[in-house]
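Asks: Give the three-dimensional model of this entry:
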Amino acid sequence: MRIVFAGTPKFAVESLAILHKSDHEIIAVYCQPDRPKGRGKVLTACPVKLYAEQHNLLVIQPEDFSNKQNQKEFASLNPDVMVVAAYGQILPINTLQTPKFGCINIHASLLPRWRGAAPIERAILSGDKETGISIMQMNEGLDTGDVLLTQKHLISNNETSQSLTESLSSIGAELILETLDRLNELPAIPQNNDDATYAKKISKVEAQIDWSQSAENISLMIRAFNPRPIAKTNAKAKQFEKKVIRIIEAETVQYESSKTPGTIVELGKGICYVATGNGILNLIKVQLTGKNKVSIKDFNNAYQLIKLN
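Replies: Sure thing, here's the model as predicted:
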C-alpha cells in the first residue's frame, strides 16, 4: 500500500518506523516546518523529520496544508492512504477524500473520551485509570470519525505524560500496522457523541499549583505536566524571599496536619512535607528556574524551604 505519513513529535516516530520496515511503501512524510528552539532560537527539525531524512524518505513541510497548491501537490502523490499521528495541522476535506482509503488517525485515547489536542495529559489530570489508542477513519470533525481498532492501556499510579506517551506510541505503532494489513475486513464503528469529552490544549497558566487543592489533585497535576509545561509554584526559603520552583516529582503521604496550604510541615533527609487543602504532599524532585533538576534533599541542603504559594 502506498502511504503518505503525517506526524511531527516523538510520539509519531515509532509508527513511521514500523510502517517503513513493513511491506507497505512510504511515498512521502509530512511534518511541521522547522521551528526555533532553545535559548538560541535555532531552527530545529522535529523528530519525524529526523527519522525520515535518516532513511532517505521524501519530506514535505507545508506551513499551511489548506493552501490549494499544497493540496495539489498532495494529490499528485497518488496515495492509497494517509496515516496521521499528531501532525499538528487540520486537514481540509479535499485532502481527507484524496487517498483511496482516506486518512487514518492514530489517536492517544479511547474515543470518544478525550477528543482533541492533549488526550494524554487530560487523562492523567482527571485521574483516569485507563486510556489507550484508537485508530480512527478521519472526517471533518475533531476526532469524530469511525473507529477501526482500539487497545486499552492501564494508567499506573506513578504514570507521567512522558512515560504514558512512550507506552501509547508503541501500542499505536503495532495497531496502525494491524489496521492497514486488515483494512478490508475491519468494521468502522461510529462513535457515541453523547459520551464525548474534549482534551483542550494545555496552557502554561494551568501549571501554576494551587495549594488549596487536595494533595491527590496536585499529584495528578505534577504527573500530567511532566515533561511539559512542568508544574510550578512560588517559593520562600531562608536563602531567598520569592523564587519560582518547578515540581518534577512528588507523592501523597499519610500525615496529619492542620497547617495552612503551602506550609512546609516537615523537612528532613529526603522529605519535604507540604500542607494542601486536603492531605500532605511530599516533594521528591524539584528545579529552581535556570538550574538543574535535583532531589529535594540536595535542594534543601542549599535552600531551606519555608512556604510555597
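Asks: which of the residues in stretch 4-17 are buried?
Replies: In terms of neighbour count (16 or more other CB atoms under 10 Å), stretch 4-17 has its buried residues at 4-16. Using the backbone N, CA and C atoms, a C-beta is placed for each residue, glycine as well.
Asks: Could you list the residues in contact with that stretch?
Replies: 19, 26-32, 46-48, 51-52, 74, 77, 79, 81-88, 91, 99, 106, 108, 165, 168-170, 172-173, 176 (CB atoms under 8 Å, 6 or more residues apart in numbering).
Asks: Strands along the stretch 151-300 of the chain, start to end?
Replies: Using DSSP state E, counting those that start in this stretch, the strands of the stretch 151-300 of the chain run over 198-199, 232-237, 240-253, 264-268, 271-275, 280-288, 293-295.
Asks: Report the mean per-residue pLDDT for the shortest one.
Replies: Per-residue confidence for strand 198-199 averages out to 98 on the pLDDT scale.
Asks: same check, this time on the second one
Replies: Strand 232-237 shows a mean pLDDT of 96 in the predicted model.
Asks: any idea how far Phe101 lies from Leu186?
Replies: Applying CB to CB, to the nearest Å, the value for Phe101 to Leu186 is 11 Å.
Asks: now swap in Val274 and tell me
Replies: From Val274 to Leu186 the distance is 50 Å (CB to CB).
Asks: Please identify which of those two sits among more neighbours.
Replies: Between Val274 and Leu186, Val274 has the larger neighbour count (other CB atoms under 10 Å), namely 29 against 17.
Asks: tell me the contacts of the more buried one?
Replies: By CB under 8 Å, 6+ apart, the neighbours of Val274 are 211, 262-265, 280-283, 308.
Asks: Among these, which one sits closest to Lys242?
Replies: The nearest member of these to Lys242, counting by CB to CB, is Leu308 at 10.7 Å.
Asks: My understanding was that the closest one contacts Ala231; is that so?
Replies: No - contact criterion CB atoms under 8 Å: Leu308 and Ala231 do not qualify, at 11.2 Å.
Asks: Need the overlap of contacts for the two.
Replies: Shared contacts of Leu308 and Ala231, defined by CB under 8 Å, 6+ apart, are found at Ile209.
Asks: Report the separation between Gly38 and Ala52.
Replies: Note on Gly38: its distance to Ala52, by CB to CB, is 22 Å.
Asks: More neighbours: which of these two?
Replies: Ala52 (25 against 7).
Asks: Grab the nearest non-local neighbour of the more buried one.
Replies: Counting by CB to CB, 6 or more residues apart in numbering, Ala52 lies nearest to Val29, which is 4.1 Å off, once chain neighbours are set aside.
Asks: Next, work out how far apart Glu249 and Phe299 are.
Replies: Distance from Glu249 to Phe299, counting by CB to CB: 12 Å.
Asks: wait, I meant Ser258
Replies: For Ser258, the distance to Phe299 equals 26 Å [CB to CB].
Asks: ok, and the closest non-adjacent residue to Lys238?
Replies: Gln304 (4.5 Å).
Asks: tell me the contacts of the one you found?
Replies: 237-239, 267.
Asks: and if we set it to 7 Å?
Replies: Residues near Gln304 by CB atoms under 7 Å, 6 or more residues apart in numbering: 237-238, 267.
Asks: Now do the phi/psi pair for it.
Replies: Phi and psi for Gln304, reported as degrees, to the nearest 10, are phi -90, psi 110.
Asks: Pick out whichever of Glu249 and Phe299 has more residues nearby.
Replies: Under the criterion of other CB under 10 Å, the comparison of Glu249 against Phe299 puts Phe299 first, with 22 against 18.
Asks: From Val274, how far out is the residue nearest to the more buried one when sequence neighbours are not counted?
Replies: Nearest residue to Phe299, sequence neighbours excluded (CB to CB, 6+ apart): Val286, at 5.3 Å. Going from Val286 to Val274 by CB to CB gives 11 Å.
Asks: now Ser169
Replies: Distance from Ser169 to Val274, by CB to CB: 33 Å.
Asks: Same question for Ala28.
Replies: Distance of Ala28 to Val274, given as CB to CB: 51 Å.
Asks: helix or strand for the most centrally placed residue in the chain, which one?
Replies: Taking CA atoms, centre = their mean, the centroid of the chain lies closest to Ile120, which sits 5.1 Å from it. Element membership for Ile120, per DSSP states H and E: helix 119-125.
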